[in-house]
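Novice: from the sequence below, what's the structure:
(chains A and B)
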2 protein chains.
Amino acid sequence: MSRLRFKISMSLDGFVAGPSKDLENPLGIGGLRLHEWVFPLTVWRLSQGLEGGEVNASTPVVEESTANIGATVMGRNMFGGYPGAWNTDQPWTGWWGDNPPFHHPVFVLTRYPRAPLAMEGGTTFNFVTDGIESALEQARHAAGAQDVSLAGGANAAQQYLQAGLVDEMEINLVPVLLGSGERLFDGLGDDLHGLKLVRTVATPQVVHLKLTRT
Amino acid sequence: MSRLRFKISMSLDGFVAGPSKDLENPLGIGGLRLHEWVFPLTVWRLSQGLEGGEVNASTPVVEESTANIGATVMGRNMFGGYPGAWNTDQPWTGWWGDNPPFHHPVFVLTRYPRAPLAMEGGTTFNFVTDGIESALEQARHAAGAQDVSLAGGANAAQQYLQAGLVDEMEINLVPVLLGSGERLFDGLGDDLHGLKLVRTVATPQVVHLKLTRT
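Specialist: Purely as a prediction, here's the structure:
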């Protein structure tokens, strides 16, 4: 069965997004600091259609984390836009423009039904209203022999972690403080549900911690 | 001038002690899980007068962190016992027995004056009532050409970090969750006061993150 793989960038004080997330600040105030390590990388720039960049110890980690993914699951806040029911006049179509970087089916957790949204480049957003297990089952079916990526945000990640459904977690630990915002592990208690540290790769900008279920 | 060096073990969710700290549970419930990586090490066992043990990638990190220390600063809660004024009938003499493992002057931050307490093996506990700068100054004087160790706990560490007085911080990041307790970085905002990641050493049990002031 395809595995559920989750990667996320987190500050030293445990935040995965800054405070005051909104349309202008989708990562919250200061949240961009969690991702600065990736922007110079050739592998990331290529995924955005950009040339140039550099190769460092983070490169194979990023390559691995994006390889063999056939479907994505994400929370409503990650898909974004606004809370509550969908605006049918000007429907929100995600943060990523007309050609999102997924290129496979994406399953968005929401309380509000909505017809599937096909974008350019092979990405289709499917809106799942009957819970995290259903979304994962649909994503696994869509992924076939490949794995499913859990894209976040914090709330969706907490639900899958708490249910013990995450098979692999790559934390990109960034040695900065955010001080406030959304904590990855809030409400999870003291149980990682069998996830153990199996690999650490470090650069001065980020420490990649890979945990898998043993 | 001698440097202020701070090392502490922290969970993946940012806790350095579990909840419900008391005389029976000085590290709080579950807090011992933060230190299990060190107990098998020969270098730690030797410091406790024990034989045997093992050598692994953590060994040089522990050796480095204990080398060239001439004095220690700690908070009242780390020295421990109970809150409030000192009990003069049965004075608390620390967690560490008659021969504490410091073997140099220790400066304890407290609101309650108390005469210095000389223990076996060269450890003297000095009680400092006029603040963190004074304690550090006294410790630096006592340390001479050597460095000063900041032993914690979380509250004392936060005060020194917030004042920008920590020159080196070694976080022993343990890949477990505690879920509640004392967070290392509570109240610090988003400022590490120039501390940058300079070295990472990893084992499956612990990831050592060394940050120094640039």
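
Novice: could you look up the SS state of residue A:73?
Specialist: In the three-state summary, residue A:73 is assigned as strand, counting by DSSP: H, G, I helix; E, B strand; the rest coil.

Novice: and it, how many neighbours?
Specialist: A count of neighbours around residue A:73, defined by other Cβ atoms under 10 Å in any protein chain shown, yields 29. Where you see a C-beta, it was placed from the backbone N, CA and C, and this is true even at glycine.

Novice: which residues sit in contact with it?
Specialist: Residues near residue A:73 by Cβ atoms under 8 Å, 6 or more residues apart in numbering or on different chains: A:4, A:106-107, A:109, A:132, A:135-136, A:139, A:148-151, A:156, A:160.

Novice: try 6 Å this time
Specialist: For residue A:73, the contacting residues are A:107, A:135, A:139, A:150, taking Cβ atoms under 6 Å, 6 or more residues apart in numbering or on different chains as the criterion.

Novice: next step: those residues restricted to strands.
Specialist: Taking DSSP state E as the definition of strands, these contribute A:107, A:150.

Novice: kindly indicate which of the contacts of residue A:73 lies nearest chain B.
Specialist: The closest of the contacts of residue A:73 to chain B turns out to be residue A:150 (Cβ to the nearest Cβ; 17.2 Å).

Novice: list the beta-bridge partners for the closest one.
Specialist: The partner list for residue A:150 in beta bridges (DSSP bridges) reads residue A:6, residue A:73.

Novice: so how far is the helix or strand of chain A with the lowest mean pLDDT off the chain centroid?
Specialist: Per-element confidence for chain A was summarised using mean pLDDT, DSSP states H and E. The lowest value among helices and strands belongs to helix A:76-79, with a mean of 90. Its chain's C-alpha centre and that of helix A:76-79 lie 10 Å apart, by Cα atoms, centre = their mean, to the nearest Å.

Novice: buried stuff in it?
Specialist: Applying a neighbour-count criterion of 16 or more other Cβ atoms under 10 Å in any protein chain shown, the buried positions in helix A:76-79 are A:76-79.

Novice: got the contact list for that helix?
Specialist: Outside helix A:76-79, the residues that touch it by Cβ under 6 Å, 6+ apart are A:94, A:108-110, A:151-153.

Novice: now render these as a markdown table, adding distance to residue B:69 and pLDDT.
Specialist: Converted to a markdown table, the contacts of helix A:76-79 look like this (distance: Cβ to Cβ, whole Å; pLDDT from 0 to 100):
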| residue | distance to residue B:69 | pLDDT |
| --- | --- | --- |
| A:94 | 54 | 92 |
| A:108 | 54 | 97 |
| A:109 | 51 | 97 |
| A:110 | 55 | 96 |
| A:151 | 45 | 95 |
| A:152 | 42 | 89 |
| A:153 | 43 | 90 |
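
Novice: got these as JSON lines, with neighbour count columns?
Specialist: Shown next, in JSON lines, are the contacts of helix A:76-79 (neighbours: other Cβ atoms under 10 Å in any protein chain shown):
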{"residue": "A:94", "neighbour count": "19"}
{"residue": "A:108", "neighbour count": "24"}
{"residue": "A:109", "neighbour count": "24"}
{"residue": "A:110", "neighbour count": "17"}
{"residue": "A:151", "neighbour count": "21"}
{"residue": "A:152", "neighbour count": "23"}
{"residue": "A:153", "neighbour count": "22"}
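
Novice: kindly report the residues of chain A close to chain B.
Specialist: Residues of chain A that fall close to chain B, judged by Cβ under 6 Å from any Cβ of the partner chain: A:13-14, A:30, A:175, A:177-179, A:185, A:188-190, A:192, A:197, A:200, A:202, A:204, A:207.

Novice: give me that answer again for 7 Å
Specialist: Residues of chain A that fall close to chain B, judged by Cβ under 7 Å from any Cβ of the partner chain: A:12-14, A:30, A:175-179, A:185, A:188-192, A:197, A:200, A:202, A:204, A:207, A:209, A:211.

Novice: so residue A:62, which state does it fall into?
Specialist: At residue A:62 the chain is in helix, as set by three-state DSSP.

Novice: so it sits against residue A:41, correct?
Specialist: Yes. Under the criterion of Cβ atoms under 7 Å, residue A:62 is in contact with residue A:41, at a separation of 6.3 Å.

Novice: and residue A:110, backbone torsions?
Specialist: Per-residue torsions, residue A:110: phi -160, psi 160 (degrees, to the nearest 10).

Novice: could you pull out the strands for chain A?
Specialist: Counting by DSSP E, chain A has these strands, from start to end: A:4-11, A:15-17, A:69-75, A:105-109, A:117-118, A:124-128, A:147-150, A:168-174, A:182-183, A:195-202, A:207-213.
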